[in-house]
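Q: Here's my sequence, what's the structure:
(one chain, ligands or ions: 1)
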Amino acid sequence: MEAFKLLSRSTNLKPAQTSRRERRIVHVPSEGQTHASVDEENVVASTASVAGRKRKRDAFPGAGDPDEAVTSNGVDSYKSSSNGAGKANETSGHDMLSQGRPTAGDTRAPQPLSSDECRSIFKFHKIKIAALTGALNIDDSRRPSSKGGASVKMLGQKRKKKASSLYTHPLTSFALLPTLYKVSRTLLNNLREQGYTTPTEVQLATIPVLLDPVAAGLCLPPDCPHIDLLTVAPTGSGKTLAFLIPLINHFIHDHHRNTEHESSRHVRALIVAPTKELVNQIVNEGRKLCTNSGVSITAMRKGMHLSARSDECTLESGDENDHMTRPLDGPLIVKADILVTTPLLLANTLSQDKTKLSSVQYFIFDEADVLLDPLFRDQTLSLWNACTNPSLRTSLWSATVGSNIEELVIHLIDERQARLELQSRSSLLRCIVGLKDSALSTISHKLIYAATEPGKLLGLRQLLHPSTTLTSKHAVPPLRPPFLVFTQTIERAVALHAELLYDIPTEAGGSSRVAVLHSDLSETKRLEIMARFRKGQIWVLVTTDLLSRGIDFRGVNGVVNYDMPTSSAAYVHRVGRTGRAGREGGIAVTLYTKDDIKYVKAIANAIAASERARGRTQATSGEDGVQKWLLNALPDISKKDRQELKKRGVNVRRPLREGDDDNDVRAKRTSRISSKSGYERRLENNRKGAIAARQDRLEDESEGRESDAWSGFDG
Ligand SMILES: Nc1ncnc2c1ncn2[C@@H]1O[C@H](COP(=O)(O)OP(=O)(O)OP(=O)(O)O)[C@@H](O)[C@H]1O
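A: Numbers count the residues shown, from 1 in each chain. Reported below is the predicted structural model:
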């Protein structure tokens with residue numbers, strides 16, 4: 001039997017065929033222009049009560065062409081179809097977006113949306129805002145009366161439940177920012193320069209609330225005048241811009257009011273992210289938005305300090321982007337408004353400096369769930385505890401936030417308010433976009449049984465060589481480069497890289513097209529590899545979970561989970577490196593072996609949920625997704641196994657340790673990544689050993705040392 005057929009047998013894959021139902025799938029905006037979760041009739045039915053007509057939203061900017069999203073002037077993710085002119089009085093959420101947007105030359109103030117219109121837009125985009133703490137409500141006195149009446153004054157249990165959803169004013173176009181929220185023109189110009197004109201779903205919901213909660217329609221109780229925000233939105237949905245725009249705008253206004261000297265500037269916002277790569281990415285994005293605004297953003301680096309002693313005189317750093325000063329012969333002092341850092345870097349500095357971050361007014365957790373995971377929790381909380389400013393505003397962002405993290409956040413904010421004996425409290429809002437904690441439905445998910453480690457290598461090689469008839473005919477469409485390959489450990493990433501080095505023909509660039517990136521490499525090397533991958537010089541990047549969070553490679557066509565992710569959240573983030581900003585056509589392939597069977601159900605469930613969100617059932621999914629019989633057949637993962645897997649990964653793929661028993665050693669050896677047999681590896685090791693011994697002997701001889709080796713009776 002053909003090898004690939006064998007590998008893919010469990011997925012019951014069929015040649016691609018588009019069913020009638022599938023052909024009718026429409027795009028809805030909730031997941032970055034993914035396929036609808038319902039077919040066309042259902043959309044009509046579900047919106048019929050509030051929508052007299054329906055328009056389809058075009059593909060997200062950049063779909064198809066990775067560069068289009070930034071380079072085109074007219075990025076518009078909500079383009080309306082030409083024949084959409086409806087006669088009905090009420091409109092769909094999508095139509096309202098178009099209505100709220102001023103046309104060129106339109107200088108009139110935009111009409112405020114009624115509560116029904118706000119609700120329709122939120123429902124259409126599958127956005128839910130709710131208050132987790134604090135008695136927040138919607139201020140309906142600021143809205144025109146609408147047919148449906150006020151949404152919060154309703155009776156009955158079901159209605160009360162509905163009333164807990166807050167339908168704030170959505171931001172329908174960036175052009176409205178100056179009029180509605182007094183956003184600086186400089187910032188708006190910078191947004192335009194980057195090609196951003198229409199907010200994504202997460203931006204639509206959160207930017208108004210962060211800029212001005214009252215103008216966004218919220219009625220804040222007198223004892224809770226501030227808002228903290230927890231946002232859960234899909235990977236690649238534009239969360240970075242959602243927290244940067246309000247932040248930069250606050251500082252632009254402060255600069256206008258306050259003309260303090262550069263040297264007396266202190267860090268006023270802290271953005272914490274789990275990896276250096278993500279830190280650099282946020283700083284790059286932030287710098288583009290800060291151009292000509294007077295606001296500065298910088299990345300924390302080793303050796304940097306947050307304050308100088310008052311008697312130290314300071315020098316400006318040479319690099320205009322650095323926003324640092326250096327006391328004569330002293331350390332670099334951060335002089336930026338916004339500091340972006342990993343928890344460890346700043347925690348180390350704080351422990352040496354014994355400084356408090358009392359000037360920090362905004363604390364942003366990017367990838368909040370991983371920052372509050374036990375792995376990073378202590379470091380993150382040491383930063384949090386050092387922020388003693390009474391008016392600190394917090395926002396937390398991720399594509400996956402479990403209920404335990406939600407509870408922890410509520411506890412942390414409460415505990416801080418009690419510890420600092422704050423008079424004015426804050427309310428915690430939660431904004432969920434789309435289906436919570438689920439993988440992007442813009443991408444095709446494939447789960448492939450490869451039986452053994454050599455089977456996985458064979459499977460990956462077939463994905464790498466799209467010309468092979470096996471891949472084109474069966475199971476997986478060819479993976480177009482560039483793509484990312486994730487492994488469980490650094491050792492495995494290095495070994496897999498060594499295996500793949502010669503898989504790309506020399507005419508196509510050979511070994512320079514394959515690279516490995518992990519945390520053991522120097523920072524310069526990591527930066528260089530990232531830059532080459534972004535430029536398209538590297539086609540296959542083998543990496544660990546280091547790159548699974550937040551990294552935005554716009555043109556990545558596929559993700560291969562060579563080793564199983566350690567949780568469904570890890571799966572969501574890894575595969576979220578493709579299909580970003582609504583791009584269609586991304587593929588996520590997960591290879592699994594007999595050692596993974598007890599863990600695979602969590603991943604299979606995540607895939608099934610994503611397929612459901614796409615409106616694909618087993619009948620329509622064709623070759624995609626997970627078959628129902630497989631879901632039923634896979635064993636449930638126990639809580640203990642789940643925790644063990646999350647902490648350390650699959651046992652047989654962990655590095656060899658001293659305490660390992662014989663069975664572990666044997667299992668780990670057979671799980672090594674290599675296409676060579678055990679016999680070949682032994683021969684190679686013997687050969688290497690002989691060469692090393694010979695070199696030692698020659699060195700000893702040349703230095704005139706006596707060799708320890710026995711040289712015969714006469715020697
Ligand atoms: N309003 C917009 N219009 C067009 N493109 C946008 C818009 N907002 C963001 N993008 C683009 O979407 C891509 C993804 O954005 P971003 O990295 O902020 O996603 P994210 O939600 O933080 O993802 P992750 O959860 O993986 O961290 C970026 O390339 C960004 O330039």
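
Q: Which residue comes closest to Pro246 once chain neighbours are left out?
A: Leu210 (3.8 Å; Cβ to Cβ, 6 or more residues apart in numbering). Where you see a C-beta, it was placed from the backbone N, CA and C, and this is true even at glycine.

Q: Pull up the gap between the one you found and Trp397, please.
A: Here the criterion is Cβ to Cβ, to the nearest Å. By it, Leu210 lies 11 Å from Trp397.

Q: Same question for Val183.
A: From Val183 across to Trp397, the span is 20 Å (Cβ to Cβ).

Q: Leu270: what secondary structure?
A: Following DSSP: H, G, I helix; E, B strand; the rest coil, Leu270 is assigned to strand.

Q: Make sure it is actually in contact with Ser359.
A: No - if you go by Cβ atoms under 8 Å, Leu270 and Ser359 don't touch, sitting 9.9 Å apart.

Q: more neighbours, the two?
A: For Leu270 versus Ser359, neighbours defined as other Cβ atoms under 10 Å are more numerous around Leu270 (24 against 18).

Q: Now for the more buried one: which residues touch it?
A: Taking Cβ atoms under 8 Å, 6 or more residues apart in numbering, we find Leu270 in contact with Ile338, Leu339, Thr341, Leu346, Leu357, Val360, Tyr362, Phe363, Ile364, Leu383, Cys387.

Q: do the same with Phe365
A: By Cβ under 8 Å, 6+ apart, the contact list for Phe365 reads Val272, Leu371, Leu372, Thr380, Thr394, Ser395, Leu396, Trp397.

Q: cool, and Asp595?
A: Val650, Asn651, Val652, Arg653, Ala667, Ser671 are the contacts of Asp595 under Cβ under 8 Å, 6+ apart.

Q: What subset of the residues you listed is buried?
A: Val650, Val652, Arg653, Ser671 (16 or more other Cβ atoms under 10 Å).

Q: And these, which is the shakiest by pLDDT?
A: On pLDDT alone, Ser671 ranks lowest of these, at 80.

Q: if you skip the residues just before and after it, what's nearest to it?
A: Val652 (4.2 Å).

Q: Pull up the residues of the stretch 151-300 of the chain that are close to the ligand.
A: Residues of the stretch 151-300 of the chain found near the ligand (Cβ under 6 Å from any ligand atom) are 196, 198-200, 203, 233, 235-241.

Q: whoops, I mixed them up, the chain
A: For the chain, the contact set with the ligand under Cβ under 6 Å from any ligand atom comprises 61, 69, 75, 77, 196, 198-200, 203, 233, 235-241, 399, 550, 552, 554, 576, 580-581.

Q: Ramachandran coordinates for the residue nearest to Pro246?
A: Backbone torsions for Leu210, taken as degrees, to the nearest 10, come to phi -80, psi -30.

Q: Kindly report the same for Arg654.
A: Dihedral angles of Arg654 (phi, psi; degrees, to the nearest 10) stand at phi -80, psi 160.

Q: gap between it and Ala667?
A: Using Cβ to Cβ, we find Arg654 at a distance of 10 Å from Ala667.

Q: What is the end-to-end distance of stretch 213-221?
A: Stretch 213-221 has an end-to-end distance of 12 Å (Cα to Cα, to the nearest Å).

Q: wait, the residue nearest to Ser671 sits on Lys668?
A: Yes - if you go by Cβ under 8 Å, Val652 and Lys668 touch, sitting 5.6 Å apart.

Q: outside of the host helix or strand of Leu484, which residues touch it?
A: Using DSSP states H and E, Leu484 falls within strand 483-486. By Cβ under 8 Å, 6+ apart, the residues outside strand 483-486 that reach it are 460, 496, 539-545, 547-548, 553, 556-563, 565, 574, 577-578.

Q: Now, those residues that are in strands?
A: With DSSP state E as the criterion, strands contain Val540, Leu541, Val542, Thr543, Gly558, Val559, Val560, Asn561 from among the contacts of strand 483-486.

Q: Please identify which of the buried ones among the contacts of Asp595 is nearest to Ser427.
A: Comparing the buried ones among the contacts of Asp595 against Ser427 with Cβ to Cβ picks out Val650 as the nearest, at 42.3 Å.

Q: Can you give me the distance of the nearest residue to the closest one once chain neighbours are set aside to the ligand?
A: Among residues not flanking Val650 along the chain, Asp595 sits closest, at 5.8 Å (Cβ to Cβ, 6+ apart). Taking Cβ to the nearest ligand atom, to the nearest Å as the measure, Asp595 falls 29 Å from the ligand.

Q: is it true that Asp595 lies in a helix?
A: Yes - counting by three-state DSSP, Asp595 is part of a helix.

Q: do you know how far it is from Asp662?
A: Distance, Asp595 to Asp662, by Cβ to Cβ: 17 Å.

Q: can you check Pro655 too?
A: According to Cβ to Cβ, Pro655 stands 17 Å off from Asp662.

Q: go on, Leu220?
A: 65 Å.

Q: Between these two, which has more neighbouring residues?
A: Applying other Cβ under 10 Å to Leu220 and Asp662 shows that Leu220 carries more neighbours, namely 18 against 7.

Q: Could you find the closest non-adjacent residue to that one?
A: Spatially, and ignoring its direct neighbours in sequence, Leu220 is nearest to Pro213 (6.1 Å; Cβ to Cβ, 6+ apart).

Q: sec struct for that neighbour, please.
A: What three-state DSSP gives for Pro213 is coil.

Q: I'd say it and Ile227 touch.
A: Yes - if you go by Cβ under 8 Å, Pro213 and Ile227 touch, sitting 4.8 Å apart.

Q: Please enumerate the shared neighbours of the two.
A: Shared contacts of Pro213 and Ile227 (Cβ under 8 Å, 6+ apart): Leu220.

Q: which SSE is Met667 in?
A: In this structure residue 667 is Ala, not Met. Assigned by DSSP H and E, Ala667 falls within helix 662-670.

Q: Alpha carbons only: can I get that helix in CSV?
A: The C-alpha trace of helix 662-670 is given here as CSV (Å, rounded to 0.1, in the frame of the first residue of the first chain):
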residue,chain,number,x,y,z
ASP,A,662,15.6,1.3,30.9
ASN,A,663,12.2,1.4,29.4
ASP,A,664,12.3,5.2,29.2
VAL,A,665,15.7,5.2,27.7
ARG,A,666,14.7,2.7,25.0
ALA,A,667,11.5,4.5,24.2
LYS,A,668,13.2,7.9,24.0
ARG,A,669,15.9,6.5,21.8
THR,A,670,13.4,5.0,19.3
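
Q: How about residues contacting it?
A: With Cβ under 8 Å, 6+ apart as the test, helix 662-670 has contacts from Glu453, Asp595, Asn651, Val652, Arg653, Arg654, Pro655, Leu656, Asp660, Gly678.

Q: Reformat the residues you listed into JSON lines and put secondary structure next to each item.
A: Putting the contacts of helix 662-670 into JSON lines (three-state DSSP) gives the following:
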{"residue": "Glu453", "secondary structure": "helix"}
{"residue": "Asp595", "secondary structure": "helix"}
{"residue": "Asn651", "secondary structure": "helix"}
{"residue": "Val652", "secondary structure": "helix"}
{"residue": "Arg653", "secondary structure": "helix"}
{"residue": "Arg654", "secondary structure": "coil"}
{"residue": "Pro655", "secondary structure": "coil"}
{"residue": "Leu656", "secondary structure": "coil"}
{"residue": "Asp660", "secondary structure": "coil"}
{"residue": "Gly678", "secondary structure": "helix"}
